[in-house]
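In: starting from these lines, generate the structure:
(chains A, B and C, ligands or ions: 2)
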Amino acid sequence: MIFHPAIMALLVGSLLVTLMLLYSSYYGVQVIRKWDIKSGSELQLCLERRTYLVSIIMSYMLFFQLASFYLFIFTADAIHATFVSAMCAAGSLNVNEYGYPAVIIKMVNFLFAGTWLIINYADNRAYDYPLIKKKYLLLLVITPLMVAEFIVQGAYFIGLKANVITSCCGSLFSTDAEGIASEIAALPRLPMKIAFYLSTALTLASGMYFCLRSDWSGYVFSFLSIATFVVSVAAMISFISLYFYELPTHHCPFCILQKDYGFIGYLLYIALFGGAVSGLGTGALMPFRKIQSLSQIVPSIQRRLAFTALILYFLFTVVVTYRMIFSDFILEGY
Amino acid sequence: MIELSDIRKVFNSGKPNEFVAIDGITLSVERDKVLVLKGPSGSGKTTLLSVIGCMARPTSGRITLSGKEITSLPERFLTEIRRKSFGFVFQQFNLIKGITAMENVILPAYPTGEGFSVLKKRALSLLELFDLSERAFSKVEWLSGGEAQRVSIARALVNDPSVIIADEPTAHLDTKLSKDFMEIIGKLKVRRKTIIIASHDPIVYESAAVDRVLEMRDGRILSRATRQ
Amino acid sequence: MSRFNKQRNILDFTLSSLLRRRTKNSALVIVYTLIVFSLASVLFFTQAIKKEACIVLQNSPEIIVQRIVAGRHDLLPADYIDTIRAIRGVQSAKGRLWGYYFEPAAGANYTLMVSEEPGVEVGRIVIGQGVSRTIHANRADIVPFRRYDGSYTSFEVSDILSSESELVSSDLVLISESDFREMMGIRGEYVTDAAVYAKNKRELFMIADKIKRILPDTRPITKDEILRTYEAIFDWRGGILLVILSGAVIAFVILAWDKASGLSSDERREIGILKGIGWETSDVIAMKFWEGAVISLSSFSLGIILAYIHVFFASSALFEPALKGWSVLYPEFRLVPHMDPLQIATLFFLTVVPYTVSTIVPSWRAATIDPDTVMRL
Ligand SMILES: Nc1ncnc2c1ncn2[C@@H]1O[C@H](COP(=O)(O)OP(=O)(O)O)[C@@H](O)[C@H]1O
Ligand SMILES: [Mg+2]
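Out: Residues are numbered from 1 along each chain as shown, chains lettered A, B, ... in the order given. Ligands and ions are numbered 1, 2, ... in the order given. Predicted coordinates for the structure are as follows:
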C-alpha cells in the first residue's frame, strides 16, 4: 500500500458513495415490494418521499463517478515515479492485476449511473411513475457494481508496493508486449482507422435518422453508439494517441489528460462519455415509448439525448481528425 | 369545479392513536362562488381544506378538479396543480420574515421559472391593488396585522389561481379589518375567483359575499344551508 | 430558459436566506475553512518539500557506491574506485568525503563535505545559511572545530552559500580535503563513498549490478532508487499526517450533520411556508443544494488561499514548532509556490465530498416536510 493523499481521497470518497448506495438499495427493495401509487397510505407517502432521496444520491453519484475517474487516472500518474520504469499512469495501473479492471468498472458505473438518471428523469415526468420498479431493479444492479468498484480499487491500492518493477507505458503499449492493451496497440492501424470512421459515420447517420423519424431505429442507434464508444477507446490506444504525442510508440490513453497536451484529453473523454451515456439512455428508453403516460414524454427526451450524442461524437471526431491532418507527425504505413 | 366523493383522511392509521379527521365527505364546489366551512375547532375544516388544496392526499376517496382525477397523483404533480390553481391565505399570514413584502409576494412564483423582473412588476401591481405600494419594500415584520394579511392575499394571487383557499382568515383581525377582508373577498369574487373559507367567525359566514355555508362536525358535513 | 431562471430564482432566495442566518452559517464556514486550511497546508507543505528534495537530488550522482561492513555503512577503500572505473560503460568514478559534525555549543549537527566545485582553500570553510545563523558567523570570522582526538582547530569563513534551495544547503560546511582528513582522522586510502557516472543512462542498472558482483561488500544505490524512495517517503508522510487530521475531518462532518439536521424552528417554518405556497420537494432540495454549494465553495476556496499564503509566503509559521524539532538548523526556507489540480481534487474529495454526503439526508428530510404543516403553523 502506498500512502499517497490522493489514494486516501479516492478510498474515502468511494466508501462514502458505496455506503449511500447500500442505504438507497434498502429503500429500493421496499419500493419494489410495497409500491402502490393508487394508495394514499402513510407507507406509500413515505416511500414516495424516499424516492427523492434516492434521486439525490444518484445525481451525486454520477458527478462523483466522473470526478473519481479523473482523479484515479491522475493519481496513477502521480505515483508512477515510485515504480521502476513506470513512466506514466499506464505503467502504474499495470503494477498489479487490479489496475485496469478498476478503470473499466469505473467507466461502467458511470454509464450505469447516467442511464439510471435518464430513466429517472423520464419516469418523474409521468404522473403514474410507470418505471418505478424497473428503475429500482436497476439500482439493485448498480449497487453491487459500486461495491465491486470499491473492492477492486481498494485491492489495487493495497497491492501497490513501491519499487516494484513494472513495464512503463513505452513497453506496455508497445507492440511486442502482451495483454489486452498491447493487443489493441498492435491492431493494424489502417483497419482500425476504417473501423473508427465507419462506426462513427453509421452512428451519426442512424442518430440523424432517429431524430427525424423517432422510430425503432433508436435501438440501432443506441447499439451503434455503444459500439462507437468501445471502438473509439480502442482507436485512442491504437492510433489517435500517436498523433497527439507525435511519438511512434507512445500509445498511452491517459497522458493525453496532462497539461503537456493542453488538457485536450478532458474534452475528448467528456465527449466520449457524454456521447455513450446519451446513446445508451436513448436505447434504454426505447421499450417505454408505448406506455400511455410516457408516450408524450419519452420521444422528446430521446430526441434530445440522440442529438446530444450526435454533437458529442461529432466533436470527438472533428478534434481527432483535425489533429491527424494538421499534426506534423506522419505514421508510416498508416 | 371541484368534486369530492367519499373522502376520508385518517391520521396515524393502524396505530393506537389512529384518528379519523375526515369521515366520508362528498362535496361539490361550484365555480366562481364563495363557500364557507364553519364548525367548531377540531371538526376537520383545516384538514378538508388541505385535501381540497392538494396539500395532502386523502386516505381514500376521489377528487376531481375541472373533471380531471387528481386523487392518486404523486406529490410532484399535485404541487404543480396547487401552484397553478390554488392560492392560500393562512390564519397566521405565514409571511417569511427578514425579506420585503414584494419578495414575499413573488415567492410562490419562483419555481415557475419566470424572470425576476417580470415577477417584480406583477407583485408591485398586486400590492398597488391592495393599497400597499409604499410598503412594498419594507420588511414584513414592520407591517401591521391588516397590511400583513393583504400582503398574504397578494401572495395568494401572484400565480393567478382560479381558487383561493383561506383558513380562519379573520382570527387575528379586529372587526373593522375583518369587514375589510370580506370586502376584498367580494372584489375577488367579481374577478371570477372561486373562494373557499374555513371560519367560525360570524362576520365571515354572515357576509353578503358568501354564497354557501356548510357546517362541519367530527369530520362530517352536517347541514346544507345555502345562502344567496 | 425557464429552468435556468428557476434555478437562478432559487439561488437568489438561498443567498438571501444564508445572509439572514449569518451567525449560524458563519460558525460553520469558519470551521469548514479551518479544516480545508489545515489539510491544504499539510498537502502543500509535504508536496513542496518533496519537489524541493527531488530538485536537489537532480544534482546527485547517478550511482553512489557505499561499502557495507557487518551490515553497516563503512569507509570505502580508495582502490575500489579504480576497480569500478574499469567496468565497461562507466564514464567516471570519484571518491567522496563527507560526514557529520556535532557542535555541542549550538546543539546542532552540521554536514561536513569536501567540495571540489567550488574548491575550498586549506584553512578555510564555506558555510550554509543555517550554520551562519546559529553561530552568528559571517565572512572572515574564525570558527573553532574539535578534532577526532579532542584537540581544537579553527577555520576562517570564506563564503556563505546562497539561499536558493536552502532546505539542503542550510546545514552544510564545505571544507578542503586535507583539513577534513586531518580533523576526522581518516587516512588517505579511504573515502566515504564513491560517485559513479555511466556513459549511457540505460546501462545504469546493469552497471550497478556489475559493481555488486565484482565488489560484493559494496552497496550501489542508483539515483532513481533514491528518488523513488523519497517520493514514497514524502507521499507516505503526507498520507500519515492526513490520517492524523482525519479525526478533525470526522469531527467536522459530525458538526455539519448536526447543523444540517438540527433545523431551527425558524427554518422549519420557512420551508413549511415555501412548500405550502407551491414549492415542490425538489425545489427545496435544489435550495439546499445551492446552500451547500455556496458554503462549500466559499470555505474551500478561502481555506486553500489561506493555506497557500501560509505555506509559501509565511514559511509555514504554524508548523514551525513541529519542524524545529527535527533539527535546530532547520532552514528558514521559502518553498517554491506550487499547486496542482491533483492536490485540489484530493482536498475536494477529503473535505467537500464528506461534507456533502453528511448533509444529503438532513436536507432531504428538511425538504420533505409535509406541505400541509403550513396550515398548522
Ligand atoms: N398530522 C396530524 N396527526 C394527527 N392528528 C391530526 C393531524 N392533523 C390534524 N389532526 C387532528 O385532526 C382533527 C381535525 O383537525 P383540523 O382539521 O385542524 O380541525 P379544525 O381546523 O376544524 O380545527 C383534530 O382533532 C386534530 O387533532
Ligand atoms: Mg383549523
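In: for the rest of this, base every contact and every neighbour count on C-alpha atoms.
Out: Noted.
In: residues in contact with residue 127?
Out: Just going to use chain A. A:Tyr127 makes contacts with A:Ser293, B:Leu73, B:Pro74, B:Phe77, as judged by CA atoms under 8 Å, 6 or more residues apart in numbering or on different chains.
In: my bad, the chain I had in mind was chain B
Out: Neighbours of B:Leu127 in contact, by CA under 8 Å, 6+ apart: B:Met102, B:Ser133, B:Ala136, B:Val151, B:Ala154.
In: export the helix or strand harbouring it as PDB, just CAs?
Out: Take DSSP states H and E as the rule and B:Leu127 turns out to sit in helix B:116-129. Only the C-alpha atoms of helix B:116-129 are listed here, as PDB (Å, rounded to 0.1, in the frame of the first residue of the first chain):
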ATOM      1  CA  PHE B 116     -37.300  38.100 -11.800                       C
ATOM      2  CA  SER B 117     -38.200  41.400 -13.400                       C
ATOM      3  CA  VAL B 118     -41.500  40.100 -14.800                       C
ATOM      4  CA  LEU B 119     -42.400  38.800 -11.400                       C
ATOM      5  CA  LYS B 120     -41.400  42.000  -9.700                       C
ATOM      6  CA  LYS B 121     -43.700  44.000 -11.900                       C
ATOM      7  CA  ARG B 122     -46.600  41.700 -11.300                       C
ATOM      8  CA  ALA B 123     -46.000  41.800  -7.500                       C
ATOM      9  CA  LEU B 124     -45.900  45.600  -7.500                       C
ATOM     10  CA  SER B 125     -49.200  45.900  -9.400                       C
ATOM     11  CA  LEU B 126     -50.800  43.400  -6.900                       C
ATOM     12  CA  LEU B 127     -49.600  45.400  -4.000                       C
ATOM     13  CA  GLU B 128     -50.900  48.500  -5.500                       C
ATOM     14  CA  LEU B 129     -54.300  46.900  -5.900                       C
END
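In: list phi and psi for the closest residue to C:Glu177 other than its chain neighbours.
Out: Nearest residue to C:Glu177, sequence neighbours excluded (CA to CA, 6 or more residues apart in numbering or on different chains): C:Val114, at 5.5 Å. Backbone torsions of C:Val114, given as degrees, to the nearest 10, read phi -90, psi 120.
In: closest to C:Phe312 out of the contacts of B:Leu127?
Out: B:Met102 (48.9 Å; CA to CA).
In: quick one, helices of the chain?
Out: You didn't pick a chain, so chain A it is. Listed in chain order, the helices of chain A (DSSP state H) span residues A:5-34, A:42-78, A:89-93, A:99-123, A:132-158, A:169-172, A:180-186, A:189-213, A:217-235, A:241-245, A:264-285, A:298-326.
In: my bad, chain C
Out: For chain C, the helices defined by DSSP H cover C:2-20, C:22-57, C:79-85, C:129-134, C:166-169, C:177-184, C:204-214, C:223-261, C:265-276, C:281-312, C:320-324, C:341-347, C:353-367.
In: worst mean pLDDT among those helices?
Out: Mean pLDDT is lowest for helix C:320-324 among these, at a mean of 57.
In: quick check: residues of chain B near chain A?
Out: Residues of chain B lying close to chain A by CA under 8 Å from any CA of the partner chain are B:Asn12, B:Ser13, B:Arg57, B:Pro58, B:Thr59, B:Ser60, B:Ser72, B:Leu73, B:Pro74, B:Phe77.
In: just the pLDDT at the fifth one, thanks.
Out: Yep, that's B:Thr59 we're talking about. We have a pLDDT of 87 for B:Thr59.
In: and the helix holding B:Leu127, what's buried?
Out: B:Phe116, B:Leu119, B:Arg122, B:Ala123, B:Leu124, B:Leu126, B:Leu127 (16 or more other CA atoms under 10 Å in any protein chain shown).
In: would you list those in TSV and tack on pLDDT?
Out: Listed next are these as TSV, based on pLDDT from 0 to 100:
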residue	pLDDT
B:Phe116	89
B:Leu119	91
B:Arg122	92
B:Ala123	92
B:Leu124	93
B:Leu126	92
B:Leu127	92
